[in-house]
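Chemist: have a look at this prediction, sequence included:
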Amino acid sequence: MKVVIVGGVAGGASTAARLRRLDEDAEIVILERTRFVSYANCGLPYYVGGVIADEDRLTLQTPGSFRSRFDIDVRVRNEAVSIDRASKTVRVRRLDDGTEYDEPYDVLVLSPGARALVPDMPGTDDPRVMTLRTVEDTLAMRGFVVGRKPTHAVVAGGGYIGLEVAENLVHMGVRVTLVQRPDHVLPPLDRDMAADVHHCLRANGVELLLSEAVTGFEGGGDRLRVMLRSGRVLEADMAVVALGVVPESDLASAAGLETGIKGAIVTDTHMRTSDPCIYAVGDAVQVREFVSGTDAVISLAGPANRQGRITADNICGIGSEDRGPQGSSVIKVFDMTVATTGLNEKTAKAAGIDYDKVYTYSASHATYYPGARNMSVKTLFEKGTGRILGAQIVGYEGADKRIDVIATAIRAGGDYRLLEELDLAYAPPYSSAKDPVNMAGFVIDNVVSGRIRQFFWDDVAEIAKDPSSLFVDVRSPEEYARGHLQGSVNIPVDCIRERMSEIPRDVHVRLICHSALRSYIAGRILMQNGYECSHLAGGYRLYSSVVEDAGIGSPDGPPCGQGRC
């Protein structure tokens, strides 16, 4: 059996290595058009910033190591240009000399990845306008930064690559302006959870232009002129276009294979394309998203590697199936950690799922042990069933650990009760007796059971117009004085019982505190005394961050905002 693999990075390399482990007699050929195989895409920005200092650390395997360990024929600088499905051959061009040849196959695996999205706008051919997708891109960008010592860079795009490039350029002493078309960075986050990321970027010197877009570039002088949709013109020494990626599926499409969203290659759960002799994996493939069951394109290394393994299994007669990724991801943004899994509000709405949400604000470990830092957790769940749909965490140490736990619960089809019941490891340096994951389950249980009702940051403006509602802020007078909702009254939670007579019984009491812990306690007191009430989910801390674009409280302070929670 001869297997030809087009593309030698995550999905292709994983397919090849797994295939050899399963079949010692198979003839395996990898065609890779760049000079590198099995390289660490996710590490590329950190080489630009000098965090990864050794170029060799970017590649996990070489053509030589593939040959010596796996007996695999890896041909770099060999580009697959067409597929003849009838004769089962691939037309290959040697990029070093332009000559072409036909490579026969019994089974073909397509792992072409995705290409950087560069819109049709003027000036993108200027060498100072760069993308970051391959090792060659990385070496060029690193060489430019070290050799030319730019003082100002414009980064177009606030996704994963855009933020990682921005951070690493800042580490290299470059002033960065980040331009993002939507109103928040990191599309897997909802806007409310991205607000703290915005504060972090600005605190580290990044100029953030939201709801703005780059429309073109002008060179011709020492400085690069960057045109924006608003009419503003920025002058910079370099620009990085990081507007996302699109599937590199031209080869498949030209061969008549079925394609779908964004032109991605359609496969079944065994990773077979519409041609049973051709498989496809990685960023070029359309997948069935695990939580919603809808079609999606998810460009992440984990799913690509798993798909490679599944493909090799099926080529060798093992009926492995891909149940679909759920988009679990994590990114470092300076000292902050941002992690997501499953659905956000946008994708839940698009899938037609009736959902609800809770916000929790928890310390990474016991607050009495030094070094605890807070994390914001947003958890989505399905109304009626309580099934966990997704989570977003913005914090510091421990955020990645918690998103992995929730991702596992989602994979198990768990509901909020599972989050409550999880028996998680605890010691003061690592967690709390009530882990942040448990806390999310507890809060969902309170909402589902009706022990508390919620309103949200984007409801406040409309509620303020309602004369039958009264905002009661249960924080301390000192906290209240530093900022509060207009028209609210301040009755600290510890005084709520003796001052209950000050609260009219013919209004809906809208309770507010720093993080929604004290307002929940106040709500339980008032509800058991016959009041109709609800509280601000996420608290004034979240409202201030999103609506007023201002951060209050400290990530190192008590989660509830006062000395003793």
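Modeler: Thanks, I have the structure now.
Chemist: please make it C-alpha for all contacts and neighbour counts, starting now.
Modeler: Will do.
Chemist: what's the host helix or strand of Val146 packed up against?
Modeler: Using DSSP states H and E, the element containing Val146 is helix 135-148. Packing partners of helix 135-148 (3 or more C-alpha pairs under 8 Å, 6 or more residues apart in numbering; DSSP states H and E): helix 44-48.
Chemist: show me what the helix it packs on is packed against.
Modeler: Packing contacts for helix 44-48, counted by 3+ C-alpha pairs under 8 Å, 6+ apart, involve helix 135-148, helix 160-171.
Chemist: those helices in the stretch 301-450 of the chain, which residues are they?
Modeler: In the stretch 301-450 of the chain, the helices defined using DSSP state H, counting those that start in this stretch lie at 301-315, 345-350, 399-411, 416-421, 436-449.
Chemist: pick the most buried one from those.
Modeler: Of all the helices of the stretch 301-450 of the chain, helix 301-315 has the most neighbours on average by mean count of other C-alpha atoms under 10 Å, namely a mean of 23.
Chemist: check the offset of it from the chain's centre.
Modeler: Its chain's average C-alpha position is 21 Å from that of helix 301-315, according to C-alpha atoms, centre = their mean, to the nearest Å.
Chemist: send me it as CSV with only the CA atoms.
Modeler: In CSV, the C-alpha atoms belonging to helix 301-315 read as follows (Å, rounded to 0.1, in the frame of the first residue of the first chain):
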residue,chain,number,x,y,z
ALA,A,301,-3.6,22.0,16.4
GLY,A,302,-5.3,19.6,18.8
PRO,A,303,-8.1,18.6,16.4
ALA,A,304,-5.6,18.4,13.4
ASN,A,305,-3.4,15.9,15.3
ARG,A,306,-6.4,13.8,16.4
GLN,A,307,-7.8,13.8,12.8
GLY,A,308,-4.4,12.5,11.6
ARG,A,309,-4.5,9.7,14.0
ILE,A,310,-8.1,8.8,13.0
THR,A,311,-7.1,8.9,9.3
ALA,A,312,-4.2,6.5,9.8
ASP,A,313,-6.5,4.2,11.8
ASN,A,314,-9.0,4.0,9.0
ILE,A,315,-6.4,3.5,6.3
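Chemist: how about low-confidence regions in the protein?
Modeler: 563-565 (pLDDT under 70).
Chemist: ok, now how distant is the residue in the chain sticking out farthest from the centre from Asn529?
Modeler: The outermost residue of the chain relative to its centre, with distances by C-alpha atoms, centre = their mean, is Ser501 at 48.0 Å. From Ser501 over to Asn529 the distance is 11 Å, taken as C-alpha to C-alpha, to the nearest Å.
Chemist: related to what we said a few turns ago, separation between the residue farthest from the centre of the chain and Pro555?
Modeler: For Ser501, the distance to Pro555 equals 36 Å [C-alpha to C-alpha].
Chemist: same check, this time on Leu257
Modeler: Taking C-alpha to C-alpha, one finds Leu257 at 51 Å from Pro555.
Chemist: contacts only, for the residue nearest to Val405 when sequence neighbours are not counted.
Modeler: Leaving aside its sequence neighbours, Val405 sits nearest to Val437 (C-alpha to C-alpha, 6 or more residues apart in numbering; 7.5 Å). Counting by C-alpha atoms under 8 Å, 6 or more residues apart in numbering, Val437 touches Arg402, Val405, Ile406, Leu419, Glu420.
Chemist: now Val443
Modeler: Val358, Thr360.
Chemist: if we can go back for a sec, which other residues reach the helix holding Val146?
Modeler: Residues contacting helix 135-148 (C-alpha under 8 Å, 6+ apart): 34, 36, 39, 41, 44-45, 47-49, 58, 130-132, 172.
Chemist: how about 10 Å then?
Modeler: 34-37, 39-41, 43-50, 55, 58-59, 127-132, 134, 149-151, 169, 172-174, 237-238, 240 (C-alpha atoms under 10 Å, 6 or more residues apart in numbering).
Chemist: buried residues in that helix?
Modeler: Val135, Thr138, Leu139, Ala140, Met141, Arg142, Phe144, Val145 (16 or more other C-alpha atoms under 10 Å).
Chemist: note down every partner strand of whatever helix or strand comes next after that helix and its orientation.
Modeler: The first helix or strand that comes after helix 135-148 along the chain, using DSSP H and E, is strand 152-156. In the sheet, strand 152-156 lines up against strand 175-180 (parallel), strand 238-241 (parallel) (DSSP bridges).
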